[in-house]
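Engineer: predicted structure and sequence below. I'll ask about it afterward.
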Amino acid sequence: MAEAAADFGAAADEVDGAVAEVLGVNRTDLRIIGAVALAGELSAGALARDVGLSPAATTTAVQRLVAAGHLTREVDPADRRRTVLALTPGAAEQIERAYGPVAREGQEALEDYTTAELAVVERFLRQGVALQRAHAARIRS
């Protein structure tokens, strides 16, 4: 089971590496793009929190991604002190082209499982995520 989980993680990492290469970004920038894609739009502070970067590192990465044409940075009309980040249409299209088929085929594969089986898989994955994050924090400290 552990080997299969590790293989799954490595395979997902391969996909992310290919996407980063196509977009011409590093892995941290790809995490930022992913967080913004998932949220639709994010403030810089929320982005820093979501990806675990310092505000300064987030600012540097955002500047790089805006210059590369992957993100837009606009003043939030509801709070003019805040900046809102979003994917450019071109970046959104590239992300859909890269990850869309993976999501659709993964969803199709899940249809072969019963609700009870999916609950076990979900529990295993959530426990694994918590375990990995706890050990990442342990290693960093």
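Structural biologist: Here it is on my side, so go on. Quantities reported herein were computed from a predicted structural model and do not represent experimental measurements.

Engineer: ok, how many other residues are close to I32?
Structural biologist: 27 (other C-beta atoms under 10 Å). Placement of C-beta: from N, CA and C, glycine included.

Engineer: in this protein, which spans are strands?
Structural biologist: Secondary structure of the chain by DSSP state E: the strands cover 42-43, 71-76, 79-87.

Engineer: would you give the sheet partners of the second one, along with the direction of each?
Structural biologist: Strand 71-76 has its sheet partners listed here by DSSP bridges as strand 79-87 (antiparallel).

Engineer: quick one: residues in contact with the partner strand.
Structural biologist: Outside of strand 79-87, the residues within contact range by C-beta atoms under 8 Å, 6 or more residues apart in numbering are 33, 36-37, 40-45, 47, 62, 70-76, 95.

Engineer: model confidence for the closest residue to A46 other than its chain neighbours, exactly?
Structural biologist: Sequence neighbours aside, A39 is the residue nearest to A46 in space, at 7.6 Å (criterion: C-beta to C-beta, 6 or more residues apart in numbering). For A39, the model assigns a pLDDT of 96.

Engineer: nice, that's everything, thank you.
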